[in-house]
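K.L.:
Sequence and predicted model, in that order:
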Amino acid sequence: MNKLIKLAKGALARAPFNDHLARPGSSKAPPRIYFCHIPKSAGSSIASAIRDQVYSRHNLDGFNIDPRASLRAGKVTENSLMQAREVILAYNLSVKANFFGKGHCYCRPGLIKEFASQWNFITVLRNPIDRWISEYVYNTYKQGDWTKNDLPLNEYLESRKAEAGGQQLIRYFSNYSLNFRSSPRDHIDEALENLSRFAIVGTMENLDTWADELMKKFSFEIKLPSINKSPSNQAVEQIRSNPAVMRKIEDLCRHDLELYDKFTAKHGNLYSNPSIDPGKASA
């Protein structure tokens, strides 16, 4: 991992700035925004709308952390998938030509502290139990083979994937991924403090409020896509109707639930950072 970071730093020092783009700080340049997308937590359609309607119109470059490409990069460099993505993210946040980005990638405290003065970080949180169930059902019944689950629910509940699925908030926003021998609970306050450095944090249950604040804070208008929750289906209902299964899922999600409950108790359904300058776009 240290070798990867050194290589990335060397590349960053040589990263060019594209003169044909609106320069950072100019009246024509929208602010830099990175959308941290937690799996099965919605918001991706809004993020795509922002990219297509705001940044593409200004001819500004952006990036998306491609899942398959990052998996290959991790294998080639003998790093985990998420380690590879973190380096890819840090590199792209450092490229002066980039103005918008999104992806499934940890945003740990060190990265946010490094880039918060240059980028506006946004994300959407979802109730951890709802997110866990949605992810399991999606990966089990989808057509594609990417992260597809073939285990029956009783076996899946005892797997490492099930455990990791209940710790997504902790893993995305704290340093827990650096030391899995520590207790996830020890990283709850760390994750909360890290989220306080984001520009806007919303909840899936109130996506309209999150989107409205996004447009208000950054002074741009976009035509939003339909924001619809996935309809309830038979598989979801079967899981929710089984008390023993629900108790197991609640146990798997207990630390993320504590983090989520603390966040909503403090901020409600929306956090908008009052110290963030929405016009920041400097390199």
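P.N.:
Received, thanks.

K.L.:
Could I get the full set of helices for the chain?
P.N.:
Listed in chain order, the helices of the chain (DSSP state H) span 2-13, 44-50, 67-76, 81-94, 109-115, 128-141, 153-156, 160-165, 168-173, 188-195, 207-218, 234-240, 243-252, 254-267.

K.L.:
And the ones you listed: which comes nearest residue 31?
P.N.:
Minimum separation from residue 31 across the helices of the chain (C-beta to C-beta) falls at helix 207-218, 5.6 Å. For every residue, glycine as well, the C-beta is placed using N, CA and C.

K.L.:
Grab the nearest non-local neighbour of residue 46.
P.N.:
residue 211 (5.5 Å; C-beta to C-beta, 6 or more residues apart in numbering).

K.L.:
and the one you found, how many neighbours?
P.N.:
Number of residues near residue 211 (other C-beta atoms under 10 Å) recorded here: 21.

K.L.:
what do you get for residue 241?
P.N.:
Residue 241: 9 surrounding residues under other C-beta under 10 Å.

K.L.:
Got the phi and psi for it?
P.N.:
Main-chain torsions, residue 241, degrees, to the nearest 10: phi -90, psi 0.

K.L.:
distance of the residue nearest to residue 46 from residue 124?
P.N.:
Distance from residue 211 to residue 124, counting by C-beta to C-beta, to the nearest Å: 10 Å.

K.L.:
shared neighbours, these two?
P.N.:
Counting by C-beta atoms under 8 Å, 6 or more residues apart in numbering, the residues touching both residue 211 and residue 124 are residue 202.

K.L.:
how about the helices of the chain in CSV, adding mean pLDDT and distance to residue 61?
P.N.:
Converted to CSV, the helices of the chain look like this (pLDDT from 0 to 100; distance: least, C-beta to C-beta, whole Å):
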stretch, mean pLDDT, distance to residue 61
helix 2-13, 45, 15
helix 44-50, 86, 14
helix 67-76, 92, 17
helix 81-94, 96, 10
helix 109-115, 97, 16
helix 128-141, 94, 31
helix 153-156, 96, 40
helix 160-165, 96, 32
helix 168-173, 98, 25
helix 188-195, 98, 27
helix 207-218, 91, 18
helix 234-240, 93, 39
helix 243-252, 98, 39
helix 254-267, 98, 32
